[in-house]
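K.L.:
here are the coordinates; sequence isn't available:
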């Protein structure tokens, strides 16, 4: 099923998406919650009810009792608007290898030994719409085309062979990145921090795994977990700049969950990103361009740019880059 959160009467509302119409979950069946957070916290209890409710919608058995709104008329939020945490992985070998090649350094052997991730700012999660950026963000402002999952039940020391049971569904993720800030702080072997904490975009819907069964493919050799043949694309101002596939992930979400949950709890509502797909950001594309042509002109996101991301079956995520009115700069505060 496809689950959407939209703004209704100034509050987040959980809804089913069927044929471009949103059906408020709690009006389709009064046993269902009206928020994604509650749905995730009692996933195993609510899923059978939700499956039955969606069937009623598709079979036209609701009558007029459900509150509805056309998808294109709704103010769509992040499907998981208030995640309990947000990790981002580093799962695509193609992206890592290309980025290192562009910097003229060898591929790092440790990539093939274990999956890694970092914590980003879960309070800066947003959905479709404006991405407001400060002046320093525009110093090499970048997108990152990714997929993401949300954890649907809590656990600890979860084995990869069992971890797919903890995945509520898939979403598109755009891990916005301010490269100048990112590179400066990582010189001190910490981060990403300020270079990544201002906006992480997910959406526009959460698609549950039962909806994606026909797209399942084997994961990479010597890996464990589900993989999906879903094309990934990104456009900036209507021009396609990136293309990949969710199945290109070398490390699976199951393996990332296994590492994430080692010695600690993961919680229903935790969001985990895949990391950038190959060709999925200007940093990589600019590096490849300059490697092939010394006169290549770098491209970075600018005020007013429209960034659109699409993954098969997961919808299209659209955002507009907007400059904040403030002229405050932390780069100007550096001590010489």
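P.N.:
Perfect, I can see it now. Note that this is a predicted model, so its numbers are computed, not measured.
K.L.:
Skipping its backbone neighbours, what lies nearest residue 72 in space?
P.N.:
Using C-beta to C-beta, 6 or more residues apart in numbering and skipping residues adjacent in sequence, the residue nearest residue 72 is residue 20, 7.0 Å away. Backbone N, C-alpha and C define where each C-beta goes, glycine included.
K.L.:
what about the one you found, how many neighbours?
P.N.:
8 (other C-beta atoms under 10 Å).
K.L.:
Repeat that for the one 5 residues further on.
P.N.:
One way to gauge burial is a neighbour count; for residue 25, by other C-beta under 10 Å, it gives 30.
K.L.:
Model confidence score at it, please.
P.N.:
For residue 25, the pLDDT comes out at 98.
K.L.:
ok, now which ones touch it?
P.N.:
3, 14-16, 32-34, 39, 50, 53 (C-beta atoms under 8 Å, 6 or more residues apart in numbering).
K.L.:
helix/strand/coil for residue 259?
P.N.:
helix (DSSP: H, G, I helix; E, B strand; the rest coil).
K.L.:
ok, it to residue 316 distance?
P.N.:
For residue 259, the distance to residue 316 equals 31 Å [C-beta to C-beta, to the nearest Å].
K.L.:
what do you get for residue 202?
P.N.:
13 Å.
K.L.:
repeat for residue 27
P.N.:
For residue 27, the distance to residue 316 - C-beta to C-beta - is 26 Å.
K.L.:
Quick check, pLDDT for residue 64.
P.N.:
The per-residue confidence score, pLDDT, reads 76 for residue 64.
K.L.:
okay, now it: neighbour count?
P.N.:
Neighbours around residue 64, by other C-beta under 10 Å: 6.
K.L.:
Check residue 215 too.
P.N.:
Neighbourhood size, residue 215 [other C-beta under 10 Å]: 16.
K.L.:
ok, now which ones touch it?
P.N.:
So residue 215 contacts 228-230, 312-313 (C-beta under 8 Å, 6+ apart).
K.L.:
same check, this time on residue 252
P.N.:
Contacts of residue 252 (C-beta under 8 Å, 6+ apart): 91, 160, 219, 223-227.
K.L.:
10 Å instead, please
P.N.:
By C-beta atoms under 10 Å, 6 or more residues apart in numbering, residue 252 lies in contact with 89, 91, 115, 160, 163-164, 219-220, 223-227, 258, 274.
K.L.:
same thing with residue 326?
P.N.:
132, 134-135.
K.L.:
just the strands in the stretch 51-200 of the chain please.
P.N.:
Assignment of strands within the stretch 51-200 of the chain using DSSP state E, counting those that start in this stretch yields the ranges 68-70, 85-89, 117-119, 125-126, 129-133, 141-142, 145-151, 155-156, 167-175, 177-178, 200-208.
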